[in-house]
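Q: I would like the atomic coordinates for the input below:
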Amino acid sequence: MKRIPFKKIFYGLIILFIIIQFIHPSVNNGNARSENDISHMVNVPDSVMKILEISCFDCHSNHTEYPWYHYIQPVTFYLDRHVNDGKRHLNFSEYNNYNLKRKKRKLEKIAKEVEEHGMPLWEYTLIHTNAKLNDDQTSVIINWAKIEAAKIIVPDSLKDLKETKH
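A: Reported below is the predicted structural model:
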């Protein structure tokens, strides 16, 4: 069996790295705040909105502020996967399109994730240190999400329906 020389593998990887630099998925550069955003359904005080914008919107809205290294592959693929996954779970820009059951559930999930320190992701806060929530910010988000979730009354006719994805 013939062995492939290390140089050929190395040069092949360099060429592949150069080629993938020309592949870029579409960027998430819509409007984070629109007629369908969370503030049109839920009371979002300015203090809460500021925290959400800094710590959540890059992955959970229709607008991401991309760092310079986003344009280097394979980082682009990695970050875009996170953004798309984040928006699939919760999109603050499209929150008003959710049904009542889903709106209530998303607020409850926000409180739970923040309380358990699941959000923002630790990988995100390594670079975006200002996105890391301190104890006061954590309390503000948890209390806000729980209070607003409690305000949403889901009719009995919706309680038995399975949540649909949007």
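Q: What about Phe92, how many residues nearby?
A: Look at Phe92: counted by other CB atoms under 10 Å, it has 28 neighbours. All C-beta spots, glycine's among them, are computed from the backbone N, C-alpha and C.
Q: can you check Lys87 too?
A: With other CB under 10 Å as criterion, Lys87 counts 18.
Q: Also Ala131?
A: Taking other CB under 10 Å as the neighbour definition, Ala131 ends up with a count of 20.
Q: Phi and psi next, for it.
A: Note on Ala131: backbone dihedrals following degrees, to the nearest 10 are phi -80, psi -20.
Q: Run through the residues that contact Glu115.
A: With contact taken as CB atoms under 8 Å, 6 or more residues apart in numbering, Glu115 is in contact with 138, 142.
Q: His89 too?
A: By CB under 8 Å, 6+ apart, the contact list for His89 reads His60.
Q: Leu52 is in contact with Val44, correct?
A: Yes: taking CB atoms under 8 Å as the definition, Val44 is a contact partner of Leu52 at 7.3 Å.
Q: Name the residues contacting each of the two.
A: Here Val44 and Leu52 share the contacting residues Ile38, scored by CB under 8 Å, 6+ apart.
Q: Might you list the low-confidence residue ranges for this protein?
A: Within the chain, the segments meeting pLDDT under 70 span 1, 30, 32, 156-166.
Q: And the helices in it?
A: Per DSSP state H, the chain carries helices over the ranges 6-20, 46-55, 57-60, 75-89, 100-115, 122-127, 135-151, 156-159.
Q: Tell me which of the ones you listed sits most buried.
A: Mean neighbour count, computed with mean count of other CB atoms under 10 Å, is highest for helix 57-60 among the helices of the chain, reaching a mean of 24.
Q: Show me what that helix is packed against.
A: When contacts are defined as 3 or more CB pairs under 8 Å, 6 or more residues apart in numbering; DSSP states H and E, helix 57-60 packs onto helix 75-89.
Q: now the angle between helix 100-115 and the helix it packs on, please.
A: Relative orientation of helix 75-89 and helix 100-115, computed by axes from the mean of the first three to the mean of the last three CA atoms, to 10 degrees: 130 degrees.
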